[in-house]
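# I need the structure of the sequence given here:
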Amino acid sequence: MLNPNVTKTIRDLKASGDLGQKVLTVKVVEKSDLYQSKTGNTDYFYLGVADETDAIKVVGFEEEQFEAFEKGHFYTIRNALMDEKKVLKITESTKVSETRSFEVPRNVELKAEDFIFSPFKSIREIQSIGDKKEVRVEGTVKEIQMKKTPTKKDKQAFELEDGTGSITVDLWGDDTKHLNGISNGDRVLVTNLKTNLYNGRVSLNSTNFTRITKVQSAQVQNVNITIKGISKFDGINAELEVEIKNQVKTLEVSCPILAKAVGLRLDDDFKAKLLKKLELKVKAQIQGNKIQQLEALA
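Next up, the predicted model:
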């Protein structure tokens, strides 16, 4: 750290309310996206920063300022202003420079994360905190589903389990794109969700700031399955209803992989011919809800 005669800790800054001519030395624990104001005239972003003593929220403006900070890096900040909500504001006069690293306690880092993301909760906690509360949660994805709404607005839902319970997460409109690359069985961190209490049941809704981060991919499994039905088919990919270990599940597979495994040509009559082969037993390598390989059983 720098000479304490010219630096101020976050704890002291919050107590005094003014950085003055001193320097703040911090770690950028989390960094938001670059957002556009409702008027469209100003870009802005947030940082969750920390030192050995405490954490504070930082707001910056314009893309040039945004590019000056990188998550996990350490910086000195001077000539910044703190507002009445104890948010540090980067202005045109603020000077920022990168500096050497130092240790930040994990509990302080978690506090910094909460400035950018909604508070971390277990599913058990979420089910008892009421309506319209912002949260983030980590768990295993179960049963991804596309749902139709009366307004024809895109909606995709999935169940999330974390060992304390399970809950439905509803993604709306453009937020459905966050499930791209996510499969059943993946462990994910979902940030900036809002609770929805309806008829005594709590679910989670996406917001404009929702993000889904894959923590761990689903395990690859080699299993014998029985193909029982075809729920979707477009000649490129298919969704199959299959029986695995006395349970019926929906799995996705590419049509060329499916055609080779069942011994059929991929032509105009493929689906009709496949329907005649239902209750077909095959050996499958699956990851999440996707079939990676298929082989006919001897």
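# for the protein, what's the longest strand?
Ranked by residue count under DSSP state E, the longest strand found in the chain is strand 201-216.
# may I see the buried residues of the helix or strand that it is followed by?
Later in the chain than strand 201-216, the nearest helix or strand by DSSP states H and E is strand 220-233. For strand 220-233, the neighbour count (16 or more other C-beta atoms under 10 Å) marks 225, 227, 233 as buried. To be clear about C-beta, it is placed using only N, CA and C from the backbone, and glycine gets the same treatment.
# average pLDDT across strand 220-233?
Over the span of strand 220-233, the pLDDT mean works out to 90.
# how far off centre is it?
A distance of 28 Å separates the centroid of the chain from that of strand 220-233, by C-alpha atoms, centre = their mean, to the nearest Å.
# what packs against it?
strand 237-244, strand 247-254, helix 270-276, strand 280-287 (3 or more C-beta pairs under 8 Å, 6 or more residues apart in numbering; DSSP states H and E).
# quick check: neighbours of the longest strand of the chain in the sheet, parallel or antiparallel?
Under the criterion DSSP bridges, strand 201-216 sits next to strand 166-172 (parallel), strand 187-198 (antiparallel) in its sheet.
# nearest to residue 21, out of these?
strand 187-198 (36.3 Å; C-beta to C-beta).
# flag the shaky bits of the stretch 101-250 of the chain, pLDDT-wise.
Along the stretch 101-250 of the chain, segments meeting pLDDT under 70 span 146-153.
# ok, 80 please
143, 145-154 (pLDDT under 80).
# show me where the stretch 1-150 of the chain has strands.
For the stretch 1-150 of the chain, strands defined by DSSP state E, counting those that start in this stretch occupy the ranges 24-31, 35-36, 43-50, 55-61, 74-78, 81-82, 87-89, 95-98, 134-147.
# could you dump those to CSV with mean neighbour count?
Conversion of those to CSV gives the following (neighbours: other C-beta atoms under 10 Å):
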stretch, mean neighbour count
strand 24-31, 22
strand 35-36, 12
strand 43-50, 22
strand 55-61, 22
strand 74-78, 19
strand 81-82, 16
strand 87-89, 17
strand 95-98, 12
strand 134-147, 18
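# picking up where we left off before, closest one of the buried residues of strand 220-233 to residue 83?
Comparing the buried residues of strand 220-233 against residue 83 with C-beta to C-beta picks out residue 233 as the nearest, at 57.1 Å.
# got the contact list for that closest one?
Residue 233 sits next to 239, 255, 271 when contact means C-beta atoms under 8 Å, 6 or more residues apart in numbering.
# walk me through the domains of this protein.
Using automatic domain parsing, the domain ranges for the chain come out as 10-116, 123-216, 220-296.
# I appreciate the help and will end here.
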